[in-house]
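[1] here are the coordinates; sequence isn't available:
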């Protein structure tokens, strides 16, 4: 059933293309049945999990290696699965209204469905490799979502940044997970977590943990990897709402929570997560307050909240897990709603800049009501669910297992973040709806259609009604999740009204009081000059790093691929020398057997001596024809060797190959002058001679060692015995080629054919404008650098010569032929 | 192309002989030295000899086949005989043999037919490569007549 849910999301993704054939709003409602079915499936299984059970499903994957496609549904997975599928349903409905006029809506639904399937797979996977696959799938599908409006360079850049950062982190994560499974002796998450003691004692603990942190921090946008998240707001609003509220960015937090019982409570875990989470929480809140774009403001507030969540996984203590899951739920509810409402405002008012908005309360009363409620929840004002979660957060910080002093620091930071949270929530609502009305972008601004408000309405409603009477239900839902995080049976309960006037309650009151008091100065605070120096801007560092990467690869490519065949040969030979000579030298140092020349026969000796003589002849040759013929002697002697060792088949083939390659030489050399000219300097010739001698000596030594050392018994006797009986042929070589190793031969002829296709395409299928070899002689390629100008533009980078773009930023027409160059097409 | 009387005479004589020899090599290959690779190389040597002596136009005229297609058919033909065992539930390329030998050829089985596929592939690849190189105007400018447009030139890859 779990497998079916996950796989059907991926398999049914193309159903999204139905959107093309249905009236727009209806399409959303119909397609929303897909996530709704998943939600129903999880809800139907909820009672089992809520009673402490764990649902496990397993399909054989590679049984020989003990691998299986294994999904498990426990409290933590259930919470995430319900959020992903539930909010997914709302996002599907909202999308139909938001993208009503967009011709690519079907494509968008496909991406959304793939993304949802990967996210469900990620939270349900019980095999670390499976988890990794889904982890990277979420990166790839979010790349598609963020880059949906790929006509815009910013969207491409945002998508690329997210992909680069999260996939790089994902690779680190893979290594970390493999190290951990090695230490635990299993690829199954449940078994790894059960082996917690052994993992913490393992020497791999520190490197594995650091790598896993890297994966989680990049995915969950922790400082300093947070820069991709605000850039990901280039995605259409439904995608942003989904990414931020329920899915992608919570994946890192999910994995930390998942590994919590096995890896936590070491100083490395506690203090890394506390420091990174705490810094992210503050940095995100400070930047959020200063942003003018409402989606950017919301994005940074997500960064801040993610910091708080990571903080909760780190600080330890009895109450942190509860605070974590409460925050996850509360944040999903209000952030999803806020993003969708921001999208509605953008959609109706035509802008999402606070400086261009204001005074919309009369025109958009319904949006105002929902936004205020969601923002109040975000600010942690009672009696909304956000308040309950923030209360738990403060409670957990005051009951942490941190060293004294550090814990006070964390309490202070949380308090500051809470106050900032109230300020940016206030700034958001007042900036859009109150104050002086800015000049309208659109003539008639009015409320968003009801359909567009359904989805955020449902989420806001949940924020309101959950704390008012449904807290026992929420507690029941969150309890198995807390159990999964702590690894111990726990009884939890959430309260709206604190039973006593304890320290957290006081802190909460202080936060609300000071937040409310500071709201009057919110304009001044947000307009204050940035406390950070300009060069510390993550975006700028990212751009510089990408530019540096491209420039250095260009320089490297230009140094290595300079278009001179003899240099390529030189590099290849030197590489060969390094690869063969190094192990050979080590082998010789270990004591190689002395050459045994006692049973060398006369014909062998003649052939062996003729080869170097022929080579000397080729070097001394004055004419091309002479050189070609003398080189042919080498091949003939090798062929003769095969005859001596009774390999007539090989000898025949070798001879024919020799003949045909000589003919090829003749074909090509017919163009060149008959005699050689000396164009290289003496020093170059000496250098080449030394390298050639080195290669020759190495290959000779290699052959000798290969022939004189036998590590395994020869299989030639078996081949000889089997050839007639099994292969029905007396020619052993041919039987091996077509029968015993027939599959190899199949591969070889396929390679031959592909080589032919490549050559044919290169020489025959070039367009008229393509410069021929003769045209290119003496001309240098225009300097566009690695990826070329077009490639760089696609990465959202300015090309190094700015004037290449037209005044309107459009592509200047590239000269024909230049745009066709191999590098430009990459 | 080389304008040599001796070369041209010999090339003309050798063409049928070499082609026959190549067939002979394939047929005897399963028991005696020979086989698809050698046979294929021999056949293409016969054709390349014509290219050297008379130029690619003549070589294309005297055996008018599309060698690209020959190579493709060869690969497909070879793979087909492996599928036979797959259809009967055995691993890909498990051998199947006829019970009675065919006079003059010997026992026939899927490995022999597979070898025929190899033969066709080698002929197609080697000959087509030589033709493409020989017809390359910048590499081989000695040719006097313009290249025959036997295949349409696609506008872009």
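    All right, it came through fine. What you see is a predicted model, and the numbers here were worked out from it, not measured in a lab.
[2] my guess is residue A:59 is in a helix, correct?
    No. Counting by DSSP: H, G, I helix; E, B strand; the rest coil, residue A:59 is not part of a helix but strand.
[3] Find the nearest non-adjacent residue to the residue minimising distance to the centre of chain A, please.
    With distances taken as C-alpha atoms, centre = their mean, the residue of chain A nearest its centroid is residue A:167 (2.0 Å). Nearest-residue entry for residue A:167: residue A:139, 5.2 Å, with adjacent residues in sequence omitted and distances by C-beta to C-beta, 6 or more residues apart in numbering or on different chains. Backbone N, C-alpha and C define where each C-beta goes, glycine included.
[4] Distance of that neighbour relative to residue A:173?
    Using C-beta to C-beta, to the nearest Å, residue A:139 is found at 11 Å from residue A:173.
[5] same thing with residue A:550?
    From residue A:550 to residue A:173 the distance is 26 Å (C-beta to C-beta).
[6] Between the two, tell me which one has more neighbours.
    Between residue A:550 and residue A:173, counted using other C-beta atoms under 10 Å in any protein chain shown, the more crowded position is residue A:173 (27 against 18).
[7] Can you list the low-confidence ranges for the chain?
    No chain specified, so I'll use chain A. In the predicted model, chain A carries pLDDT under 70 at residues A:1, A:246, A:440-443, A:500, A:530-536, A:591-596, A:670-671, A:709, A:766-826.
[8] Switch to chain B, please.
    Applying pLDDT under 70 to chain B flags residues B:1-2, B:137-157.
[9] Please repeat the previous calculation with a cut-off of 80.
    B:1-3, B:30-31, B:33, B:89-91, B:93, B:100-107, B:136-157 (pLDDT under 80).
[10] element containing residue 10?
    Here I'm looking at chain A. helix A:2-11 (DSSP states H and E).
[11] right idea, wrong chain: chain B
    helix B:5-28.
[12] Any idea how far that helix is from the middle of the chain?
    From the chain centre to the centre of helix B:5-28 is a distance of 13 Å (C-alpha atoms, centre = their mean, to the nearest Å).
[13] tally of neighbours for residue 75?
    Chain wasn't specified; assuming chain A. Residue A:75: 23 neighbours (other C-beta under 10 Å).
[14] Oops, wrong one, chain B.
    21.
[15] need the contact list for it.
    Residues near residue B:75 by C-beta atoms under 8 Å, 6 or more residues apart in numbering or on different chains: A:749, A:750, A:753, B:117, B:121.
[16] Could you look up the next helix or strand downstream of the host helix or strand of it?
    For residue B:75, the host element (DSSP H and E) is helix B:67-87. Once the chain leaves helix B:67-87, the next helix or strand it forms, by DSSP H and E, is helix B:110-134.
[17] Now do that next one against helix B:5-28, angle only.
    Helix B:110-134 runs at 160 degrees relative to helix B:5-28, counting by axes from the mean of the first three to the mean of the last three C-alpha atoms, to 10 degrees.
[18] List phi and psi for the residue sitting furthest away from the middle of chain B.
    Distance from the centre of chain B peaks at residue B:89, with 32.4 Å (C-alpha atoms, centre = their mean). Backbone torsions for residue B:89, taken as degrees, to the nearest 10, come to phi 90, psi 10.
[19] now do residue A:309
    Main-chain dihedrals, residue A:309, degrees, to the nearest 10: phi -70, psi -40.
[20] wait, isn't it in contact with residue A:328?
    Yes. The criterion here is C-beta atoms under 8 Å, and residue A:309 meets it with residue A:328 at 6.7 Å.
[21] Okay, buried residues for the helix holding residue B:75 please.
    Neighbour counts using 16 or more other C-beta atoms under 10 Å in any protein chain shown place B:67-68, B:70-72, B:74-75, B:77-79, B:81-82, B:84-85 of helix B:67-87 among the buried residues.
[22] How about stretch A:746-759?
    Neighbour-count burial for stretch A:746-759 [16+ other C-beta under 10 Å]: A:746, A:749, A:752, A:753, A:756, A:757.
[23] Could I get these in CSV, plus columns for distance to chain B?
    Formatted as CSV, the buried residues of stretch A:746-759 follow (distance: C-beta to the nearest C-beta, whole Å):
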residue, distance to chain B
A:746, 6
A:749, 4
A:752, 5
A:753, 5
A:756, 5
A:757, 8
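[24] taking those one by one, which sit in helices?
    The helices, defined by DSSP state H, take in A:746, A:749, A:752, A:753, A:756, A:757 from the buried residues of stretch A:746-759.
[25] Return the member of those residues nearest to residue A:151.
    Among those, residue A:757 lies closest to residue A:151 (C-beta to C-beta), at 34.6 Å.
[26] got the contact list for residue A:305?
    A:281, A:284, A:327, A:331, A:335.
[27] leaving aside the residues next to it on the chain, what's closest to the third one?
    Computed as C-beta to C-beta, 6+ apart, the closest residue to residue A:327 that is not its neighbour in sequence is residue A:389, at 4.9 Å.
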